[in-house]
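Colleague: Show me how the following folds:
(one chain, ligands or ions: 1)
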Amino acid sequence: MIKINNLTKKFANQISLDNVSLELNKGENIIIMGQNGAGKTTLIRSILGQYLPTKGEILIANKDPFKDRVNTLNLIGFVPQLPPPIRLTVEELILYAKVSSNVNIDDIFRLCKKMDLDLQSHLKKVFFKLSGGMKQKLLISIAIAKNPDIFIFDEPTANLDPKGREMFYSLLEEYNEKKLMIFVSHRIDEVSHIVNRKIQMDLGKVISDEKI
Ligand SMILES: Nc1ncnc2c1ncn2[C@@H]1O[C@H](COP(=O)(O)OP(=O)(O)OP(=O)(O)O)[C@@H](O)[C@H]1O
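Modeller: Numbering: from 1, shown residues only. This next block holds a predicted model:
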């Protein structure tokens, strides 16, 4: 589903990705690990079409995410490590998700409720004024409700309380083996029950890639 061929990304003299080749397929639940600065975020941003490769290529369902961003982003549900400072109200944000990605609003409400977030009582609040955990729960719910082929979760539980974490992972069990799921995380213990492949990065390279 995602093919990465000899991908190198440089920022001035900084090599952030150094000749990375990977094939990521449906049914794989992958954890990408590595020290700070290993290149994980650069890899994810490249998959999301935010960076033009210095060398090499990425194909998502045979499309180039940089050149064909709209179509490739439609295939992806992404939850970032730090929620962006969105100035829309919660209500406007979920309407935007409906219009832009055909997300079912009832599903967003249902998924938030499962993570103990009563969306109804926050509809008029500006997104960036929600608590960190509320933002994360809402973004997770929108990403899952989109029902994409690919999930990318960058430290998605960083702001969640223990119950929120537990509910998040139990929601994902429904999608096990039906999707490609990519987790960027430093905490393998948290996802060990769900992941079946572990990729380790260091200094912009893939240093190990194993089925687990
Ligand atoms: N936009 C940018 N401009 C310049 N250098 C960058 C940029 N983005 C990343 N880098 C550099 O690329 C290297 C890899 O960074 P990256 O953010 O991909 O690491 P990471 O593995 O996600 O780290 P962390 O675990 O700290 O989030 C770092 O040396 C970083 O300084």
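Colleague: Three-state assignment for residue 23, please.
Modeller: Secondary structure state of residue 23, per DSSP: H, G, I helix; E, B strand; the rest coil, is strand.
Colleague: check contacts around it.
Modeller: Neighbouring residues of residue 23 by C-beta atoms under 8 Å, 6 or more residues apart in numbering: 2, 3, 4. (Each C-beta comes from the backbone N, C-alpha and C, glycine too.)
Colleague: neighbour-wise, which of the residues you listed leads?
Modeller: With neighbours taken as other C-beta atoms under 10 Å, the top of these is residue 2, carrying 24 neighbours.
Colleague: tell me which parts of this protein are close to the ligand?
Modeller: 11, 14, 16, 34, 36, 37, 38, 39, 40, 41, 42 (C-beta under 6 Å from any ligand atom).
Colleague: What residues are bridge-paired with the second one?
Modeller: When you say that, I think you mean residue 14. Taking DSSP bridges as the rule, residue 14 bridges to residue 11.
Colleague: Name the single longest helix found in the protein.
Modeller: In terms of residue count, the longest helix belonging to the chain (DSSP state H) is helix 132-145.
Colleague: who are the neighbours in contact with the residue sitting nearest the centre point of the chain?
Modeller: Nearest to the geometric centre of the chain sits residue 152, at 2.3 Å (C-alpha atoms, centre = their mean). Residue 152 is in contact with 44, 47, 48, 76, 77, 78, 79, 182, 184, counting by C-beta under 8 Å, 6+ apart.
Colleague: centre of the chain versus the helix or strand containing it, how much separation?
Modeller: Following DSSP states H and E, one finds residue 152 within strand 150-154. Mean-position distance between strand 150-154 and its chain equals 2 Å (C-alpha atoms, centre = their mean, to the nearest Å).
Colleague: Understood, closing this out.
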